[in-house]
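Novice: Curious how this folds, go ahead:
(2 chains)
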Amino acid sequence: MERVVVTGLGTLNAIARSAPEFAGALRGGRCGIGPFSVFDPSAFRTQIAAEVKDFNPRDHIPRQYPIKRMSRADLLGFAATLEAMKDAGLDPLPPELAEETGVVIGGGGGGLLEGERFYGDYLRTGGRLARFSALSAVYCASSADRIATLLRLWGPKTSFMTACSSGATAIGYARDLIRGGKAPVVIAGGTEPLCRITYAAFNALQAVDPEPCKPFAGNRAGLSLGEAAGILILESLSHARGRGARIYAEVLGYGVTCDSHHMTAPDPEASGAVRSMRESLRDAGVSLERVDYVNAHGTATPANDAMESRAIRHVFGDRAERIPVSSTKSMTGHTLGASGALEAVASVLAICHRFIPPTIHCTVPDPQCDLDYVTEGAREADLSVVLSNSFAFGGNNTSLVIGRFEGGNG
Amino acid sequence: MDRRVAITGIGIVSPLGSGREAFGKALLAGASGIASVAAFPVESLPCRLAAEIRDFQARDFVSVKNLRRMDRLSAVATAAARMALDDAGLAVTPANRDRTGLILGTAWGGTDVTVSFARVLVTEGPGSANPILVPNVVMNAPAGHASIELGFRGINTTVNHYAVSAESALAYGAQEIRRGAADVLLAGGADVLAPFYFESLTRFKALSPLQGGGPEGARPFDLRRNGPVAGEGCGILCLEPLEAARERGATVYAEIAGEGMASSPAPMTGWPEDPRGLVLAVRRALRSAGCGPEDVDAVFAAASGGLKPDLLEAEGLAQVFGPAGKRPLVTALKGALGESFTSGGMRAAALALALRDGAVPPTLSLEEPVRPLHFVTGQAARAKVQRGLLNGISHGGTYVSLLFSNIGEES
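Specialist: As a prediction, the model looks like this:
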């Protein structure tokens, strides 16, 4: 069976404009959560988010690519894709490889930011003066379509929308496409914009902390919403070797499960989370002892963090206390559909740059969260296997297992 | 060792009724699901026809307790998922629930819920936003509701890629069964009509007759076509490893023997200029099934009556299968089902039934074909279908082809 490796990374998020900058920001414990300008939050009960500040698409996307009508999500996703392709040595992409290169993107709000502006016009004018073309990119499938069209790709293409686990599922599925011989190279990841509808939805559920989120802390009071794109170039090992590509890490396995419990509340027994972690490790063929770090879902909602801590303890037993667990959402905010992909980028960077990202803002202990959350700042560490969790509304859970590339042909 | 993928159950909520038998009979009889829109007012709009779901009561399939939390799309998808499991003769039990799952394709999700939420947000402000609506705003709500109602705990995911969402979900499901990541997977697609969504389709000139003159109506592959008619519905298949299905003595409708996926450069809401992407998808499906164009007996086409996509597909089929020969038979069921964007689930069910029954339903309203393919028109064609191809094509340039194979003679 083909092994699948990561040969390129790209990201834009609230703490970094590129993957190398992201490594430094994660190591430095930079907080990207604060006042923001994508829309006016003054009427909301909270006023902060993790925004990609002063995002000018043309700083990232050369003029050869027309970007008319692309949504903020599309633009973030395409900008990160260009970075990742360049990083992988695939810019320009040889035509014979474009023929087979695939795209799998996990989305969330898609073009809702633009869609809600349209909808305001629509309601105000009784539908007469609204420009429906503003809805062209309203669905998250648009991001994958734009990537494939602008890079002239002919391989498999699909989009997932499972709320907060979309990005992780996209990476897992892309792994399967490569393993199944459907494509030698797949652009995989997620993109998510800040938008009023999402912000209103999480605020209506009273799930947003008015202060920067505090994952795993005793005084945690909800999540901080964020926006980001995270893109990984996945490639079969033989293809990467054949072209002499630099290999960052290996996608070892993934697991997808569901809670079958409640639409918005996690299962307090944590069965779905336990099973997604176990399934990902089984799929990866990795024993529990080899996991060096858990990049947690860690949203900072009271229910998730207690549930996830319990699930990690359940999966790892006594060893759970000795495995560093951190939530990079404490820095990037919760980027929903992109979060699984963004955290996969973070996991690869942690492996390559030999450090464990911290959980910031976690200063008040919680007896329900009794693991090592790396609260004192980044830690130097040689990581061989990272487990990254993404859990979502609807009870959808995806866990990814990413490992240092150990060589060999396996 | 890859496992073979068997289709053992079918769940249908459609404009031609609920359940596989009513649906299959209506298709073979040449019945149309298209009529004047009944669910909401369309007098002010230029398009007034749609294929709306008929003969469906959600409470026949979904518990009252869970039903009251569901939007209509979730109820439709959950009902079809239950039908598919029941049809397969499977019950979700503590022993099998962790290896049982659902991969659902939806092009648009619960548009009515999102619009309701957005309306209050825009008109009254964030303080009035209704938290009760939030769970159903997300695209993965139907699959989440189905898992709660049916009790399965394995793979659960939602594919959201326009008009190939259902075919992509089936391709994903087949892949996961094949590699052993699950033992039972429900896979298919669901979308439902709602007022704002319907209006949007008319404003994008996506419906008949806005793509040209002539009366409103769905005429797939016909020279006089002037756009699709909007539709809704849900088709879900139950997939299992063939060996396990045989061991438990299950009825096997067909095998999913291959999948092909492709992309092509295309305008944002438009179509590419040539059929190359479709040709790639079909050839990839054939290759993954280890067969050639001469092995295909029937094609269940994606054609909807759209000006560009129908021509692309006809040209693509001509390129793959050569000039009109005896085979394959070609039929386009969106003439009866309308364009629901995830009719791939319903059409996959129809293809599975065609393999079982040896009959291919006709393409309705097709009189002057855009290309001389071997179209089934007028009435159903009685024919042994050993291998059949299901096509999905989407605006934006995405293509999925699935090859179904009859295993009747093997066992």
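Novice: only C-alpha atoms for contact and neighbour calcs from this point on.
Specialist: Will do.
Novice: residues from the stretch 301-411 of chain B in reach of chain A?
Specialist: B:396-398 (CA under 8 Å from any CA of the partner chain).
Novice: Which of those residues fall within strands?
Specialist: B:T398 (DSSP state E).
Novice: Can you tell me which of the residues of the stretch 301-411 of chain B next to chain A is nearest B:V330?
Specialist: Set against B:V330, the nearest of these by CA to CA is B:T398 (20.6 Å).
Novice: wait, that closest one sits on B:M268?
Specialist: No - in this structure, B:T398 is not within contact of B:M268 by CA atoms under 8 Å, at 11.5 Å.
Novice: So which of the two has more stuff around it?
Specialist: Between B:T398 and B:M268, counting by other CA atoms under 10 Å in any protein chain shown, B:T398 is the more crowded of the two (33 against 20).
Novice: Residue for residue, what is the longest helix chain B has?
Specialist: Identified as the longest helix of chain B according to DSSP state H is helix B:72-88.
Novice: And it, what does it pack against?
Specialist: Secondary-structure packing of helix B:72-88 (3 or more CA pairs under 8 Å, 6 or more residues apart in numbering or on different chains; DSSP states H and E): strand B:5-14, helix B:141-150, strand B:184-191, strand B:233-241.
Novice: Turn these into TSV, including mean pLDDT, distance to chain A and mean neighbour count.
Specialist: Shown next, in TSV, are those (pLDDT from 0 to 100; distance: least, CA to the nearest CA, whole Å; neighbours: other CA atoms under 10 Å in any protein chain shown):
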stretch	mean pLDDT	distance to chain A	mean neighbour count
strand B:5-14	98	14	30
helix B:141-150	98	4	27
strand B:184-191	98	12	32
strand B:233-241	98	17	32
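Novice: A:E376: neighbour count?
Specialist: Neighbour tally, A:E376, other CA under 10 Å: 13.
Novice: did I read that right, it in a strand?
Specialist: No - per DSSP: H, G, I helix; E, B strand; the rest coil, A:E376 lies outside any strand segment and is coil.
Novice: For it, give its distance to A:C362.
Specialist: 9 Å (CA to CA, to the nearest Å).
Novice: Please list all residues in contact with the nearest residue to B:G19 once chain neighbours are set aside.
Specialist: Nearest residue to B:G19 in three dimensions, chain neighbours excluded: B:I12, at 4.8 Å (CA to CA, 6 or more residues apart in numbering or on different chains). Listed by CA atoms under 8 Å, 6 or more residues apart in numbering or on different chains, the contact partners of B:I12 are B:18-20, B:23, B:80, B:83-84, B:233-236, B:346.
Novice: Go again with 6 Å.
Specialist: Applying CA atoms under 6 Å, 6 or more residues apart in numbering or on different chains, one finds that B:I12 lies in contact with B:18-20, B:80, B:234-235.
Novice: Kindly state the beta-bridge partners for it.
Specialist: Using DSSP bridges, the bridge partners assigned to B:I12 are B:G235.
Novice: Tally up the residues packed near the residue of the stretch 151-300 of chain B found nearest chain A, please.
Specialist: Closest contact between the stretch 151-300 of chain B and chain A, by CA to the nearest CA, is at B:P265 (3.9 Å). Neighbourhood size, B:P265 [other CA under 10 Å]: 22.
Novice: Tell me the residues on chain A that lie near chain B, please.
Specialist: A:44, A:141, A:145, A:149, A:152, A:154-162, A:200-201, A:204-205, A:256-261, A:394 (CA under 6 Å from any CA of the partner chain).
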